[in-house]
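# Compute the structure for the input listed below.
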Amino acid sequence: MTWLGSRTHAEWLTAETDALLAFARSSRVPNGFGYLDADGAVDPGQPAELWVTARMTHSFALGTMLGRPGYGPLADHGVAALRGAFADGEHGGWFSAVALEGDGVPDDTKAAYAHGFVILAGASAAAAGRPGGRALLDEALAVSERFFWRDDEGMAVESWDRAFGVCEDYRGVNANMHTVEAYLAAADVTGDDVWLDRAVRITRRVLDDFARANDWRIPEHFSADWEPLLDYNRDEPAHPFRPYGATVGHSLEWARLVLHAREALRRRGLDAETWMLEAARELFDRAVADGWAVDGADGFVYTVDFAGEPVVRERMHWVVCEGIGAAAALEAVTGEVRYEERYRQWWDYAAEHLIEAPGRWRHELSAENGPSAGTWSGKPDIYHALQATLIPRLPLAPALAPAVAAGLVDNRHPMP
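From the prediction side, this is the model:
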């Protein structure tokens, strides 16, 4: 039997989508959305993070486009916070963190990673027709164009100080990966293919150059001249955003994103470059070989070194979510049964180990699949899990929000 494309599985995914959205409602704070603890309450010790508020805004915009009452106002609240409390009216761009309420700014740096999610939030709010959504998208793209995109490199820089006067020497692939996601959505919402072109340029360099040269393990960390720093953070291997070594989940995420980019090119009548499907296959296979159940228990290890040996063995929920998305995308392109089999296996794992109740996902487990919080405490947001419930039900292009807006849910394959 198959799950992908079946009505009964789509019904289960729908129920989990709704449960995740309901769980996230409690994240609302005056200045956007807060970081949720293990019980699903806002952690008062954490500020309002830009990446959390932007990802929640994106999620609630999807919710309202799915026809669920109550999520449009939450998306509007997120847009207002992004155009208000988080926006730097003096220097432009968005603060990395603000107080849950009031005027405090505990982190005034300007980071490409979080700015990519502001683009995504704006694109999703615009696709949903929410007030201020298109203005937010246009503002975010202008900031990205001016400060983060480097046309001569075909990549985005990592971060700046508040005044956009000092650029960090470090360059990171994680920030560029989410810039690709954001640019693909922006291309569909604006109709401007410059964003698709830039998404493809980043993807080509990261995968057809960096990953291919390292046996399809993606170097994450680079100098300002894009020289790989393979020992970066060796002394802090479980860092949540810059871990040492190769990050298994990012290989799966890139495997999906390159197929989104490939399909976006095809939809526009452009040639899909031959390396794109090859890269998706190789990244997927490398991630499975290096990361899945390699130490005696099911689950993906977080990171490996460049010989493929596990470094951080904790299991992160988002890695399984990206595996689910990548398997669904590869099955859609190739029709190969092995991807469907992995897809079912990883949902079974999620149901057994990660989903403690509908909509309540444990974000980190130990190597034995017990409780852990070494890298991620609590249940910060629903972005990865929510997308895992939607990607299998949608075509690879347009991007998620424009596809939902166009009524393409469950038009991935003919439904038997």
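
# Skip ahead from the host helix or strand of Gln387 and say which helix or strand is next.
In this structure, Gln387 sits in helix 383-390 according to DSSP states H and E. Where DSSP H and E defines the elements, the next helix or strand beyond helix 383-390 is helix 400-405.

# What is the neighbour count of Leu13?
Using other Cβ atoms under 10 Å, Leu13 is surrounded by 20 other residues. (Each C-beta comes from the backbone N, C-alpha and C, glycine too.)

# The nearest residue to it once chain neighbours are set aside and Gly359, how far apart?
Using Cβ to Cβ, 6 or more residues apart in numbering and skipping residues adjacent in sequence, the residue nearest Leu13 is Thr389, 4.6 Å away. Distance, Thr389 to Gly359, by Cβ to Cβ, to the nearest Å: 10 Å.

# Mind listing the shared neighbours of those two?
16, 20 (Cβ atoms under 8 Å, 6 or more residues apart in numbering).

# Looking at those two, which is more packed in?
With neighbours defined as other Cβ under 10 Å, Thr389 and Gly359 compare such that Thr389 has more, 24 against 21.

# Mind pulling up the pLDDT for that one?
What the model reports as pLDDT for Thr389 is 98.

# same thing with His413?
For His413, the model assigns a pLDDT of 56.

# pretty sure the residue nearest to Leu13 is touching Glu16, no?
Yes. Between Thr389 and Glu16 there is a contact at 5.0 Å, judged by Cβ atoms under 8 Å.

# what's whatever helix or strand Leu21 lives in in contact with?
Secondary structure from DSSP H and E places Leu21 in helix 7-24. Identification of contacts with helix 7-24 by Cβ under 8 Å, 6+ apart yields 3, 33, 36, 40, 56, 59-60, 63, 66, 68, 71, 355, 357-361, 379, 381-382, 385-386, 389-390, 392-393, 410, 415-416.

# next structured bit after it?
Sequence-wise, the next helix or strand downstream of helix 7-24 (DSSP H and E) is strand 28-29.

# Neighbouring strands - and their directions - for the next helix-or-strand element following that next one?
For strand 28-29, the following helix or strand on the C-terminal side (DSSP H and E) is strand 32-33. With DSSP bridges as the test, strand 32-33 is paired with strand 28-29 (antiparallel).

# Quick one: residues in contact with the strand it pairs with.
Defining contact as Cβ under 8 Å, 6+ apart, one finds that strand 28-29 is touched by 34, 42, 48, 74, 77, 100-101.

# what mean pLDDT does it have?
98.

# Just give me the neighbour total for Val194.
Applying other Cβ under 10 Å, we find 13 other residues in the vicinity of Val194.

# what comes up buried for the helix holding Leu21?
9-10, 13-14, 16-24 (16 or more other Cβ atoms under 10 Å).

# Repeat that for stretch 274-284.
For stretch 274-284, the neighbour count (16+ other Cβ under 10 Å) marks 275-277, 279-284 as buried.

# hmm, back to that, from the contacts of helix 7-24, which ones fall inside strands?
33, 355, 357, 360-361 (DSSP state E).

# are any of those residues buried, and which?
Judged by 16+ other Cβ under 10 Å, buried ones among the ones in strands among the contacts of helix 7-24: 33, 355, 360-361.

# Skip the chain neighbours and tell me the closest residue to Tyr383.
Closest to Tyr383 by Cβ to Cβ, 6+ apart is Arg55, at 4.0 Å.

# Now for the one you found, how many residues are close by?
28.

# list the contacts for it?
By Cβ under 8 Å, 6+ apart, Arg55 lies in contact with 117, 120-121, 381-383.

# Let me know the pLDDT of the nearest residue to Asp161 once chain neighbours are set aside.
In space, and not counting its chain neighbours, Asp161 is closest to Thr109: 6.4 Å by Cβ to Cβ, 6+ apart. For Thr109, the pLDDT comes out at 98.

# residues contacting Thr109?
Here Thr109 is in contact with 95-96, 159-162 (criterion: Cβ under 8 Å, 6+ apart).

# What is the longest helix of the protein by residue count?
Across the chain, the longest stretch assigned as helix under DSSP state H is helix 248-267.

# relative orientation of it and helix 383-390 in degrees?
Relative orientation of helix 248-267 versus helix 383-390 (axes from the mean of the first three to the mean of the last three Cα atoms, to 10 degrees): 50 degrees.

# Next, the buried residues of helix 248-267.
248-265.

# hang on, the earlier thing: would you mind giving the contacts of Thr109 as a markdown table with distance to Asp188, secondary structure and neighbour count added?
Formatted as a markdown table, these follow (distance: Cβ to Cβ, whole Å; DSSP: H, G, I helix; E, B strand; the rest coil; neighbours: other Cβ atoms under 10 Å):
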| residue | distance to Asp188 | secondary structure | neighbour count |
| --- | --- | --- | --- |
| Phe95 | 28 | coil | 23 |
| Ser96 | 27 | coil | 22 |
| Ser159 | 27 | strand | 21 |
| Trp160 | 28 | strand | 20 |
| Asp161 | 32 | coil | 13 |
| Arg162 | 32 | coil | 18 |
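
# nearest to Pro131, of those residues?
Among those, Phe95 lies closest to Pro131 (Cβ to Cβ), at 22.3 Å.

# Touching, that closest one and Asp107? I think so.
Yes. Between Phe95 and Asp107 there is a contact at 6.5 Å, judged by Cβ under 8 Å.

# contacting residues for Glu340?
Residues near Glu340 by Cβ under 8 Å, 6+ apart: 2-4, 327, 331.

# Tell me the gap between stretch 327-345 and the middle of its chain.
Centroid displacement of stretch 327-345 relative to its chain, using Cα atoms, centre = their mean, to the nearest Å, is 20 Å.

# Next, the distance between the ends of it.
End-to-end distance for stretch 327-345, by Cα to Cα, to the nearest Å: 10 Å.

# Report the buried residues of it.
So stretch 327-345, judged by 16+ other Cβ under 10 Å, has buried residues 327-333, 339-340, 342-345.

# Looking at these, spot the one nearest Ser223.
Among these, and counting by Cβ to Cβ, the member closest to Ser223 is Ala329, at 32.0 Å.
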